[in-house]
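A.B. asks: Could you work out the structure for the sequence below:
(one chain, ligands or ions: 1)
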Amino acid sequence: MPELPDVAGFRRVAEQATGRQVREVRVHDAQVLRGIGADAFQRALRRRYFAEPRRHGKWLLIATAAAVNASPAPPTLLLHFGMTGSLQWCAHGDELHQHDRLVFDFAAGELRYRDMRKLTGIHLAREQDEVDDLLAELGPDAQEIGTDEFAERLTRTRRRLKPALMDQAVLAGIGNICADEILWRARIDPNRSTTDLGAADLDRLHREMRAMLREAVRVGRVPDGASWLTGHRDEPDRRCPRCSSALRRMRIGGRSTLWCPTCQPA
Ligand SMILES: [Zn+2]
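C.D. replies: Next comes the predicted model:
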């Protein structure tokens with residue numbers, strides 16, 4: 001499921017289209033369009049230029065302009081990737097994948113929105129107000145948020161730590177895999193209450209979140225190498241990569257959670 005690092009990877013894919021003009025938009029499945037029909041979507045974007053993509057949490061925003069080097073003005077594309085979405089840069093003539101729902105055609109190639117489950121999708125904001133409305137519920141981006149604001153927002157309500165970290169209204173971008181990895185790195189039990197954390201815990205959690213995201217963003221996903229918790233997620237005999245203790249697995253806030261009872265004591 002795409003989280004902040006994955007969407008950072010999709011942002012780099014979308015950069016291939018920066019400064020390029022849309023020749024046409026092909027809608028293969030209009031179900032991924034939210035609040036707009038295929039014809040109106042195609043008309044609104046044809047011959048427009050893509051500006052540099054921007055990411056907030058798990059959202060990718062691509063402003064467009066009427067001419068190259070013109071200051072970008074709405075319409076702005078807002079893409080969400082749900083459970084299974086991705087962006088692909090393809091050559092003309094590359095075979096269409098069965099889950100390619102939307103193709104933006106440029107002279108240099110094609111930007112394709114690929115999604116199997118179609119749980120979320122693509123919005124087109126015609127005014128800046130619409131962009132703001134769509135993102136209004138989101139907290140600050142997890143890569144941007146400072147230590148003090150992180151501590152303040154995370155501890156605002158008393159609740160279990162892991163669901164609070166994943167709450168997009170608290171901070172935007174952290175999903176299930178990132179949350180487990182960050183808590184393991186910071187050596188904090190995911191079941192702890194937000195309001196039980198001391199200043200040193202919150203500092204460490206913030207620092208480990210930043211470090212983890214920096215590494216993961218570089219590769220465009222949460223790495224699953226042997227030194228990462230994620231790398232052991234699907235093993236039958238799951239062991240902590242740091243201390244070799246048997247890992248625990250339990251549903252917390254409805255999500256499968258993995259942690260080390262030795263490194264992350266209750
Ligand atoms: Zn351990």
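A.B. asks: Which secondary structure element of the protein has the lowest mean pLDDT?
C.D. replies: None of the helices or strands of the chain scores lower by mean pLDDT, DSSP states H and E than strand 73-79, at a mean of 91.
A.B. asks: can you pull the buried residues of that one?
C.D. replies: When burial is assessed from 16 or more other CB atoms under 10 Å, strand 73-79 yields the following buried residues: 74-79. (Each C-beta comes from the backbone N, C-alpha and C, glycine too.)
A.B. asks: That one - contacts with which helices or strands?
C.D. replies: helix 38-45, strand 59-65, strand 122-125, helix 128-135 (3 or more CB pairs under 8 Å, 6 or more residues apart in numbering; DSSP states H and E).
A.B. asks: could you dump these to JSON lines with mean neighbour count, distance to the ion and mean pLDDT?
C.D. replies: Converted to JSON lines, these look like this (neighbours: other CB atoms under 10 Å; distance: least, CB to the ion, whole Å; pLDDT from 0 to 100):
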{"stretch": "helix 38-45", "mean neighbour count": "15", "distance to the ion": "49", "mean pLDDT": "95"}
{"stretch": "strand 59-65", "mean neighbour count": "22", "distance to the ion": "34", "mean pLDDT": "96"}
{"stretch": "strand 122-125", "mean neighbour count": "21", "distance to the ion": "41", "mean pLDDT": "96"}
{"stretch": "helix 128-135", "mean neighbour count": "14", "distance to the ion": "37", "mean pLDDT": "93"}
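A.B. asks: Let me know which of the ones you listed is the nearest to Asp180.
C.D. replies: Distances from Asp180 to each of the helices and strands packed on strand 73-79 were compared using CB to CB; the shortest belongs to strand 59-65, at 22.1 Å.
A.B. asks: Cheers, nothing more for now.
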